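J.: have a look at this prediction, sequence included:
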Amino acid sequence: MASGPSSGHGVEIHLDEVSKRYPGQRESAVESVTMTIPAGETVVLVGPSGSGKTTTMRMINRLIEPTSGTITIAGQDVLGLDPDKLRREIGYSIQQAGLFPHMTVGENVGMVPSLVGWTKTRVAERVDEMLDLVGLEPGQYRSRYPRQLSGGQQQRVGVARALAANPPVLLMDEPFGAVDPITRGVLQDELMRLQADLGKTIVFVTHDFDEAVKLGDRIAVLGDRSRILQYDTPDAILANPADDTVAGFVGAGAALKQLTLRRVREIELGAVPTASADDSPAAFRDRIGSRRGAIGLVLDHRQRPLRWTTAREAGAVSSLARAGRPVEDSVSQASTLQDALEAILTDDDGVAVVTGSRGEYVGVVDIDTVMNTIKSLREEHADEAGGRVTPAGNSA
Ligand SMILES: Nc1ncnc2c1ncn2[C@@H]1O[C@H](COP(=O)(O)OP(=O)(O)OP(=O)(O)O)[C@@H](O)[C@H]1O
């Protein structure tokens, strides 16, 4: 393909009216799918079992041959390329890692680079580099066999293998489907970290909508025969599912899931009166005022939150260092709104204090701020929905 495997940067993939009918079947498994997967983005295909996600994905590297339609990668028609060469230029990682059991970890990871003719030394270096990248110490793991690894470690090797020849495109078919939820979360975080550096074009298949929300720049929700029900950003799909089927797939708690996509730094923070611990309690009492629910924040000499206090509590002590109650918890500007909501719900006064990179006070969030954010997100996407553009060839 145009950019070649060595440059490694993501390239655009385009599917144009792609269909697949398996031999002997009356109905097609995939019917006329048209979609563009932008260069450098992670696009997640989600949909119920049997909707044709795997079939769609495998046609991209021609593990399955399309019955009709065109697929281009970086503008090149994949049907015009040699399938073996094509597959070496596309990383592929599957559930249960799909490692060769009789090959060591190092041999598995180095397989494609060896096949495409890298020297032994270069392959060995690359294997170690890749194992490092996915958090496996090369000296400890490169000579093991897959059965000597945990499920999560095998998945890591699977990802290392897929990345080894630095392909511009990565196809991942439920790569984290077979591990426990905690390991899955860790592997998802690692993939996001890797992708932030690598900028591959990733097509990712999953059943798990939450995984799609977390990993996807865009999500394609597929129905029967891979019909595209909605293809949009996670935010837009959560705010405004295209129809009842998508809404059902999004599941309960769409608004809560949306909160995981927003960071505290993106919203307008509120403010409360602040004083330093050695300020006059009486003066601070007056500044907080007697409005119902009014509270103030006592800061230390480095502006870090120390204590919450009401006017009455401030008036009852000789030093603000003992006023009210300690600040138990704070959120950072990088926290998600879901974290902020958690902090608000567990705080006695329903307020979360937000701190900057040095732990200094920068503002507060309360339930009204969170609700207003959700409301404006919904309105924003409702406006978009008025003029929604559906992928060509699909009636969403
Ligand atoms: N080799 C095959 N021969 C005949 N039919 C097949 C073949 N492979 C898949 N199918 C059928 O094609 C349809 C789509 O299968 P596919 O595996 O692409 O779906 P999927 O969405 O990936 O499902 P899952 O989430 O369960 O993996 C299914 O109805 C399946 O039975």
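T.: Received, thanks.
J.: residues near the spatially closest residue to Val123 that is not a sequence neighbour, how many?
T.: The spatial neighbour of Val123 that comes closest, neighbours along the chain excluded (Cβ to Cβ, 6 or more residues apart in numbering), is Gly110 at 4.4 Å. C-beta coordinates here come from the backbone N, C-alpha and C atoms, glycine included. Residue crowding around Gly110 was assessed by other Cβ atoms under 10 Å; the count is 27.
J.: I figured Gly110 hits Ala164, correct?
T.: Yes - A contact is recorded between Gly110 and Ala164 when judged using Cβ atoms under 8 Å, the distance being 6.6 Å.
J.: tell me, what's touching these two both at once?
T.: Common contacts of Gly110 and Ala164, defined by Cβ atoms under 8 Å, 6 or more residues apart in numbering, comprise Arg126, Val127.
J.: count of residues packed around His14?
T.: His14 has 17 neighbouring residues, counting by other Cβ under 10 Å.
J.: who are the neighbours in contact with it?
T.: For His14, counting by Cβ under 8 Å, 6+ apart, the contacting residues are Met35, Thr36, Ile37, Thr70, Ile71, Thr72.
J.: please, which helix or strand holds the fourth one?
T.: So the one you mean is Thr70. According to DSSP states H and E, Thr70 maps onto strand 68-73.
J.: now the second one
T.: Per DSSP H and E, Thr36 falls inside strand 30-37.
J.: which secondary structure elements does that strand contact?
T.: Applying 3 or more Cβ pairs under 8 Å, 6 or more residues apart in numbering; DSSP states H and E, we find strand 30-37 packed against strand 13-20, helix 53-60, strand 228-232.
J.: related to what we said a few turns ago, average pLDDT for the strand holding Thr70?
T.: Mean per-residue pLDDT for strand 68-73: 96.
J.: again, but for stretch 351-370
T.: Here the mean pLDDT over stretch 351-370 is 92, rounded to a whole number.
J.: how about that stretch: buried residues?
T.: Within stretch 351-370, the residues that qualify as buried are 351-355, 361-366, 369-370, counting by 16 or more other Cβ atoms under 10 Å.
J.: near the ligand, which residues of the chain?
T.: Within the chain, the residues that sit near the ligand (Cβ under 6 Å from any ligand atom) are Tyr22, Gln25, Ala29, Gly47, Ser49, Gly50, Ser51, Gly52, Lys53, Thr54, Thr55, His207.
J.: related to what we said a few turns ago, now the strand holding Thr70, how far from the centre of its chain.
T.: Its chain's C-alpha centre lies 27 Å from the corresponding centre of strand 68-73 when counted by Cα atoms, centre = their mean, to the nearest Å.
J.: what's it packed up against?
T.: Using 3+ Cβ pairs under 8 Å, 6+ apart, the elements in contact with strand 68-73 are strand 13-20, helix 53-60.
J.: list of residues touching it?
T.: Contact with strand 68-73 is made by 1, 11-19, 32-33, 59-60, 77-79, 90, 168-169, as judged by Cβ under 8 Å, 6+ apart.
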